[in-house]
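Trainee: Here is a sequence together with a model predicted from it:
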Amino acid sequence: MIHWLQHTTGGLLTLAAVSIAVLLALIIKLRLEPFIALIVVGLLTALAAGLPVGTIVGSAQKASDSLLEKGFGSILGHITAIIGLGTILGSILERSGGAKVLTGALLRSFGEKRAPLAMGVAGFVFGIPVFFDIGIFVLAPLVYVAAKQGGKSLVLYAMPLLAGLSITHAFLPPHPGPVAAAGLLHVELGWIILMGLACGIPAFLIGGVLYSTWIGKRITVDVPEDMVFAEEEGEQEENPPSLGLVAAIIAVPLVLILAGTFGSIWLPKGSALAGVAAFIGTPAVALTVAVLLASWLLGLRRGFTGKDLNELAAKSLRPVAMILLVVGAGAFFGAVLSATGIGKAVADSLHDAGLPVLLAAYVISCGMRIAQGSATVAIVTTSGIIAPTVAQLGYSQIQLALLVMAISAGSIIASHVNDGGFWIVSRYFNLTVPQTLKSWTALETVLSVSGFGVSALLMAVV
């Protein structure tokens, strides 16, 4: 039995299925923190597969070559600075009033009739540098005002905003899911940005515009009076930043990262210009530049002190610790699957069954999302599961980026009661549970299926 489990394709697949089932049981039934569950299941899987203890955890004298330390270290060294800098950038933009400036300009540009679309675009743009829940906290009051002035259902204005925030959270750096997947599957972030836009924008148009307009006319929710804040009365930030400045700061890291990606392709290798492009296009460098610009232009120049900025950074970074632990533990779990031969067994089985890796990755991600609720956990775990398989397929960078998009699309499907985002949406937009299921849960499913469909179409032609 032990030989069958450790050395045959059927045994390794069984071990993989049992390990994932145990992982989900620990997270869902026992409410264990996902990063602890991933470590426990990774260690148990490695032991069950017959890996030597020294290979798994090293020794008292040296542990740096162990699966545990290399699994954590290989991914955290890649993403920690990116996620931390992105978080600080978003907090400065939020505190400076940049979100209100951006949304106000969009509402004026689109006009009252297209206010829902303006809210969607605001969510998409402002969602790039800030986490999903922070985007809701900051922009929700503006949704209340727009809905009150328009005299229509709150759902009509809230769903496009949520679609924009959800797409950027799942598909675009510097959000932890796509950044972690890029690290696990060895994809340059420039390609992630391009494919994230290529898959995310059509999904946003389908879900955030077409579906949101349709459902917004069928679910009537009034704006409670206590939800309309000072924005309705015309209160403005003193000395608000300009729209151009806010847009430029959001664009800086994206442009620099893309310059680095395409500079490595178009510029002569070894040239000084190629070196400059590679340096400024390194994601950590690009985000450092953006944070420094934001600190000066939106902070110090507008009355912030160095102490204010330090306190703002410290406060914004507190939620990041758990994200990093989950990502590191997911990478360890993936390293175990690779070292045990489970990844090769899965690859061989997919090949024999004729199931495309892209579809398999999407289905696994959907299952993880529905089972445990977190999009980031779904992306990290699925990437760890699929990485050993993908390593043998010789995919190009653009194909790997599209695979990340399929995983990301699966990670947002069918948000329901086990997802914290479900309750945030319900609370902030005055929705009952049935209304939240009909609007938000359905919207997430439309975004997921649309995003995967675009990634599959692009994969077929690249």
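Mentor: Sure thing, it's come through. Numbers count the residues shown, from 1 in each chain.
Trainee: switch to C-alpha atoms for all contacts and neighbour counts from now on
Mentor: Will do.
Trainee: State the distance from M195 to G306.
Mentor: For M195, the distance to G306 equals 37 Å [Cα to Cα, to the nearest Å].
Trainee: S338 and A345 touch, don't they?
Mentor: No: S338 lies out of contact with A345 (Cα atoms under 8 Å); the separation is 9.8 Å.
Trainee: The two: which is more packed in?
Mentor: More neighbours surround A345 than the other of S338 and A345, with 23 against 20 (other Cα atoms under 10 Å).
Trainee: sec struct for Y395, please.
Mentor: coil (DSSP: H, G, I helix; E, B strand; the rest coil).
Trainee: quick one: pLDDT of it?
Mentor: At Y395, the predicted lDDT confidence score is 94.
Trainee: measure it to L403 for me?
Mentor: 10 Å.
Trainee: For those two, work out which one has more neighbours and name it.
Mentor: L403 (30 against 12).
Trainee: circling back: more neighbours: which of M195 and G306?
Mentor: Taking other Cα under 10 Å, M195 and G306 do not tie; M195 has more neighbours (25 against 13).
Trainee: Which of the helices or strands spans the more buried one?
Mentor: Assigned by DSSP states H and E, M195 belongs to helix 189-203.
Trainee: what's the following helix or strand after that helix?
Mentor: Next along the chain from helix 189-203, counting by DSSP H and E, comes helix 212-216.
Trainee: What are the boundaries of the helices in the stretch 1-150 of the chain?
Mentor: Per DSSP state H, counting those that start in this stretch, the stretch 1-150 of the chain has helices spanning 2-7, 9-28, 34-48, 53-57, 67-95, 98-110, 115-126, 132-150. These are given in chain order.
Trainee: can you give me the mean pLDDT across the third one?
Mentor: Which is helix 34-48. 92.
Trainee: picking that back up, how far off centre is the helix holding M195?
Mentor: 12 Å (Cα atoms, centre = their mean, to the nearest Å).
Trainee: Report the backbone C-alpha coordinates of that helix in CSV.
Mentor: The C-alpha coordinates for helix 189-203 follow below in CSV (Å, rounded to 0.1, in the frame of the first residue of the first chain):
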residue,chain,number,x,y,z
LEU,A,189,4.7,41.2,-14.1
GLY,A,190,4.7,43.2,-17.3
TRP,A,191,2.9,40.3,-19.0
ILE,A,192,0.6,40.0,-16.0
ILE,A,193,-0.4,43.6,-16.4
LEU,A,194,-1.0,43.3,-20.1
MET,A,195,-3.0,40.1,-19.9
GLY,A,196,-4.8,41.3,-16.8
LEU,A,197,-6.0,44.3,-18.8
ALA,A,198,-6.8,42.1,-21.9
CYS,A,199,-8.9,39.8,-19.8
GLY,A,200,-10.1,42.2,-17.1
ILE,A,201,-11.5,45.0,-19.3
PRO,A,202,-13.9,42.7,-21.4
ALA,A,203,-15.0,41.0,-18.1
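Trainee: Which other helices and strands does it contact?
Mentor: Under the contact criterion of 3 or more Cα pairs under 8 Å, 6 or more residues apart in numbering; DSSP states H and E, helix 189-203 touches helix 154-171, helix 176-185, helix 243-266, helix 397-410, helix 442-461.
Trainee: which of the residues in the worst-scoring helix or strand of the chain on mean pLDDT are buried?
Mentor: Every helix and strand in the chain was compared by mean pLDDT, DSSP states H and E; the lowest is helix 342-353, with a mean of 72. Across helix 342-353, burial judged by 16 or more other Cα atoms under 10 Å covers I342, G343, K344, A345, V346, A347.
Trainee: I'd like to check the angle between the helix or strand just after that helix and helix 397-410, please.
Mentor: Using DSSP H and E, the helix or strand that follows helix 342-353 in sequence is helix 357-372. Here the directions of helix 357-372 and helix 397-410 differ by 30 degrees (axes from the mean of the first three to the mean of the last three Cα atoms, to 10 degrees).
Trainee: List the contacts of I412.
Mentor: Residues near I412 by Cα atoms under 8 Å, 6 or more residues apart in numbering: S166, A170, C366, R369, A375, E444, T445, L447, S448.
Trainee: Can you tell me how far the last one is from A391?
Mentor: What that stands for is S448. Counting by Cα to Cα - S448 and A391 are separated by 25 Å.
Trainee: the more surrounded of these two?
Mentor: Neighbours were counted for S448 and for A391 using other Cα under 10 Å; S448 has more, 30 against 15.
Trainee: picking up where we left off before, and the direction of the least confident helix or strand of the chain versus that of helix 9-28, what angle?
Mentor: Going by the same axes, to 10 degrees, helix 342-353 makes 110 degrees with helix 9-28.
Trainee: If you count contacts, what does helix 342-353 end up packed against?
Mentor: helix 9-28, helix 375-390.
Trainee: Quick check: which of these is buried the most?
Mentor: helix 375-390 (a mean of 27; mean count of other Cα atoms under 10 Å).
Trainee: C-alpha coordinates for it, PDB please?
Mentor: Output in PDB follows, covering the C-alpha atoms of helix 375-390 (Å, rounded to 0.1, in the frame of the first residue of the first chain):
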ATOM      1  CA  ALA A 375      -9.600  34.900  -3.600                       C
ATOM      2  CA  THR A 376      -6.000  35.200  -2.500                       C
ATOM      3  CA  VAL A 377      -5.900  31.800  -0.900                       C
ATOM      4  CA  ALA A 378      -7.600  30.300  -4.000                       C
ATOM      5  CA  ILE A 379      -5.000  31.900  -6.400                       C
ATOM      6  CA  VAL A 380      -2.000  30.900  -4.200                       C
ATOM      7  CA  THR A 381      -3.100  27.400  -3.600                       C
ATOM      8  CA  THR A 382      -4.100  26.700  -7.200                       C
ATOM      9  CA  SER A 383      -0.800  28.200  -8.400                       C
ATOM     10  CA  GLY A 384       1.100  25.900  -6.000                       C
ATOM     11  CA  ILE A 385      -0.900  22.900  -7.200                       C
ATOM     12  CA  ILE A 386      -0.500  23.600 -10.900                       C
ATOM     13  CA  ALA A 387       3.100  24.900 -10.900                       C
ATOM     14  CA  PRO A 388       4.900  21.500 -11.000                       C
ATOM     15  CA  THR A 389       2.700  20.500 -13.900                       C
ATOM     16  CA  VAL A 390       3.300  23.800 -15.800                       C
END
